[in-house]
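J.: model the following, please.
(one chain, ligands or ions: 2)
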Amino acid sequence: MDAVLDALENPIAIAAADGRLLKINRAFRSSFLQGLDLPAGGGLPAGIDLPALREALRADSLPAQVEFEFLRGVHRLVYRVKVVPIHYGERDARLLKFQDITEIRRLQAVRRDFVANVSHQLKTPLTSIIGYLETLLTRPGLPEEKKREFLKRIAFQTRRMESLVLDLIQLSELESGKTLNKKPFRLKDLFREVQEQSEVKARQKGLSLRFVLPRKTVRLLGDFHRLREALENLVQNAIQYTPRDGEIAVYIEPLADNRVKICVRDTGIGVEPKFQQRIFQRFYRVDSARKMHAGGTGLGLAIVKHILEAHGQEVGVDSAPGKGSVFWMTVERADSA
Ligand SMILES: Nc1ncnc2c1ncn2[C@@H]1O[C@H](COP(=O)(O)OP(=O)(O)OP(=O)(O)O)[C@@H](O)[C@H]1O
Ligand SMILES: [Mg+2]
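T.: Ligands and ions are numbered 1, 2, ... in the order given. The predicted structure follows:
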């Protein structure tokens, strides 16, 4: 029986109703006793000697279930333990089956935050659309000019909602692991398409936007449309977060292995080191950025990160606040350098 218990991955214990442990398996030892054996007397070890669990052991109405937090080093883990009545030898005892549910709980929290964020992001424009519509409906005598202005605002907020929904669709497609369409393509084509998409906005803002191609043709490997989307997001951010008359350059740097780094350098507001990880999370925006680009949702970089991860590649930022940033993504080469 010991061999069977030890083979199980989850911590298991057999206890008497008074809480004395009669038997434990290997997983129990490594999870709750730092790999050691039970101390003499065999009570519940510190850390899991909890009133709720003691009560469950004494309870008449078994099976019972208890959840508790357990501190292992710096990690706060969440366990669920099921207490089931069994016969052990000649006596009545309890079988304790432990399950580590830390990850399940974490995912539930992520999901809750996500839903709360999305609802909030949709509600804000919706509230303002309803406000303008009601004004238009209840005040037919408004001057033509005012009416037009309200309609324009409604159009702006509606587009904002549309872009949020499109971003969400994109994220969920990426998450459901839709396969990538990986093919060789030319860096030149990627740069051209991103340039066509972004140069008007850059010009309107009085920014110089340069795409620097190496003299030698560079061929890359990946899902062209997705990588274009990723680079477009980086270039759009550079445009949004760079004040007038700034400069943006898009170029590549070779890496030691068979990859290149595509870099987008701007002379914009930059990102403080303490935010440099977090901006890649969904919905995260730095306050200073909100002022420059009010309509953003904070999904752009989350999408970029997803796209690069799906390729087994990386994205990152080097930045000095107030001076500018270099956002970069790595891409596999189709030719060997
Ligand atoms: N080039 C940049 N310079 C300075 N800050 C940046 C730059 N790019 C991104 N950031 C910061 O990262 C945050 C997240 O960027 P992300 O693209 O995910 O969202 P967003 O631009 O705020 O909104 P969206 O892309 O949905 O319109 C931004 O709000 C900003 O704080
Ligand atoms: Mg963005």
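
J.: what sits against the residue of the stretch 1-150 of the chain found nearest ligand 2?
T.: Taking Cβ to the ion, ligand 2 has its nearest neighbour within the stretch 1-150 of the chain at Gln121, 13.7 Å off. Bear in mind the C-beta positions are built from the backbone N, C-alpha and C, glycine included. By Cβ atoms under 8 Å, 6 or more residues apart in numbering, the contact list for Gln121 reads 164, 283, 297.

J.: repeat that for Arg20.
T.: Arg20 touches 41-43, counting by Cβ under 8 Å, 6+ apart.

J.: next: Ile12.
T.: Per Cβ under 8 Å, 6+ apart, neighbours of Ile12: 5, 24-25, 27-28, 95-98.

J.: can you name the two of these that sit furthest apart?
T.: With distances taken as Cβ to Cβ, the most widely separated pair in the contacts of Ile12 is Ala27 and Leu95, at 13.9 Å.

J.: and Val331, bridged to which residues?
T.: Note on Val331: beta-bridge partners Val260, judged by DSSP bridges.

J.: what helix or strand does the spatially closest residue to Tyr88 that is not a sequence neighbour sit in?
T.: Leaving out its chain neighbours, the residue that sits closest to Tyr88 by Cβ to Cβ, 6 or more residues apart in numbering is Ile14, at 5.3 Å. Per DSSP states H and E: Ile14 is located in strand 12-15.

J.: which strands border that strand, and is each parallel or antiparallel?
T.: By DSSP bridges, strand 12-15 pairs with strand 21-24 (antiparallel), strand 91-100 (antiparallel).

J.: quick one, phi psi at the residue in the stretch 1-150 of the chain that ligand 1 sits nearest to?
T.: Across the stretch 1-150 of the chain, the shortest distance to ligand 1 (Cβ to the nearest ligand atom) belongs to Gln121, at 9.4 Å. Note on Gln121: backbone dihedrals following degrees, to the nearest 10 are phi -60, psi -30.

J.: check the one 10 residues further on too.
T.: Its backbone dihedrals place Gly131 at phi -60, psi -50, with angles given as degrees, to the nearest 10.

J.: confirm that Tyr79 sits in a strand.
T.: Yes: assessed by DSSP: H, G, I helix; E, B strand; the rest coil, Tyr79 belongs to a strand.

J.: pretty sure it is in contact with Lys97, am I right?
T.: No: using Cβ atoms under 8 Å, Tyr79 is not in contact with Lys97; the gap is 10.4 Å.

J.: for ligand 2, what are the nearby residues on this structure?
T.: 237, 300 (Cβ under 5 Å from the ion).

J.: which parts of the chain are helices?
T.: 2-7, 26-32, 51-58, 102-138, 144-175, 187-204, 224-240, 287-292, 300-310 (DSSP state H).

J.: in the stretch 51-200 of the chain, what residue comes closest to ligand 2?
T.: Asp167 (9.6 Å).

J.: excluding chain neighbours, what is closest to that residue?
T.: Per Cβ to Cβ, 6+ apart, closest to Asp167 is Leu299, 4.2 Å.

J.: also Tyr132?
T.: Phe150 (4.4 Å).
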